[in-house]
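1. Everything below, folded, please.
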Amino acid sequence: MAYEDMPKPEPKEVDEKNWMVLQQMMERAVLKGEPYQDERCDNCLYYLDTTSSISYCWHQQIRILVGGAWWCQWWEPIED
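-> Numbering: from 1, shown residues only. Alright, predicted model coming up:
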């Protein structure tokens, strides 16, 4: 099948459900796509791989992939 003949992708019901769940999580988490002063996900205790620009946040209220420059209200400094 040629690329031109492939059907146009459409979101499925599961995609819409996932979006609704993630939207509610973002509202609860005050999850922002930009840092708050010097507080960023990639310098937060809960950011799993601080060498990556996208990593897993393991805070019990979020537990999703986040960008290193993002921020949420549960930010905590990395312990020494």
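
2. Only C-alpha atoms from now on, for both contacts and neighbour counts.
-> Noted.

3. Do a quick rundown of the strands in this protein.
-> 54-57, 64-67 (DSSP state E).

4. So what touches the first one?
-> Contacting residues not belonging to strand 54-57 are listed as Tyr46, Tyr47, Leu48, Asp49, Arg63, Ile64, Leu65, Val66, Gly67, Gly68 [CA atoms under 8 Å, 6 or more residues apart in numbering].

5. For the residue positioned nearest the centre of the chain, give me its contacts.
-> For the chain, the residue nearest the mean C-alpha position is Val66 (3.0 Å; CA atoms, centre = their mean). In this structure, Val66 makes contact with Cys41, Ile54, Ser55, Tyr56, Cys57, judged by CA under 8 Å, 6+ apart.

6. If we ignore the residues flanking it in sequence, what's nearest the fourth one?
-> The spatially closest residue to Tyr56, leaving aside those adjacent along the chain, is Leu65, at 4.4 Å (CA to CA, 6 or more residues apart in numbering).

7. related to what we said a few turns ago, got a quick ChimeraX command for the buried subset of the contacts of strand 54-57?
-> Filtering the contacts of strand 54-57 down to the buried ones (16 or more other CA atoms under 10 Å) takes a single ChimeraX command:
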select :46,47,48,66,67,68
